[in-house]
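J.: Sequence plus the predicted model coming up.
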Amino acid sequence: MTAPEIQQEIERTQDHLGETVEELAARADMKARARARAAIIKDKAAEMSGQLRQSQLAQNQLVQGDLVRRRWPLAAAAVGVVLVGSVLVRRRRRR
């Protein structure tokens, strides 16, 4: 091997070693990894929370619509009873 070849091999080895050291340092930086993981989890939680709110709003609207449909016959029956009662009271007063 000639001197320039050895010099190139040393430079390649130094570059490779530098990359390896950077990778190991990134893996060893637990705070940064924990922060990154926490940010990902926080984003997922916020997304799921928004979906849950939308689902709850939709469910509440369905329940309210269902209650209106259930109360409609009761309201009609109550109005009918009031009308019949008022007619009977008027007939009794006329006699």
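T.: Nice, thanks for sending it over.
J.: use CA for all of it now, contacts and neighbours both
T.: OK.
J.: OK, contacts around residue 51?
T.: The neighbours of residue 51, taking C-alpha atoms under 8 Å, 6 or more residues apart in numbering as the test, come to nothing; the list is empty.
J.: Next up, identify which helix or strand it is on.
T.: Here residue 51 sits within helix 30-94, counting by DSSP states H and E.
J.: And that helix, how far out from the chain middle?
T.: Here the centre of mass of C-alpha atoms in helix 30-94, compared against the chain's by C-alpha atoms, centre = their mean, to the nearest Å, lies 20 Å away.
J.: cool, and stretch 25-43?
T.: Going by C-alpha atoms, centre = their mean, the spacing between the C-alpha centre of stretch 25-43 and its chain's C-alpha centre is 22 Å.
J.: Just the mean pLDDT for it, thanks.
T.: Within the predicted structure, the mean pLDDT of stretch 25-43 is 85.
J.: can you check stretch 63-78 too?
T.: For stretch 63-78, the mean confidence score works out to 69.
J.: what inclination does the one helix or strand residue 22 maps to have with respect to helix 30-94?
T.: Assigned by DSSP H and E, residue 22 belongs to helix 3-28. With axes from the mean of the first three to the mean of the last three C-alpha atoms, to 10 degrees as the criterion, the two stretches helix 3-28 and helix 30-94 enclose an angle of 40 degrees.
J.: Can you mark which positions in helix 3-28 are buried?
T.: Burial within helix 3-28, assessed by neighbour count using 16 or more other C-alpha atoms under 10 Å, is assigned to no residue.
J.: At the geometric centre of this structure, which residue sits there?
T.: Taking C-alpha atoms, centre = their mean as the criterion, residue 48 is the residue nearest the geometric centre of the chain, at 2.2 Å.
J.: how near is it to residue 35?
T.: 20 Å (C-alpha to C-alpha, to the nearest Å).
J.: Could you do residue 9 as well?
T.: Distance check for residue 9 against residue 35: by C-alpha to C-alpha, it reads 38 Å.
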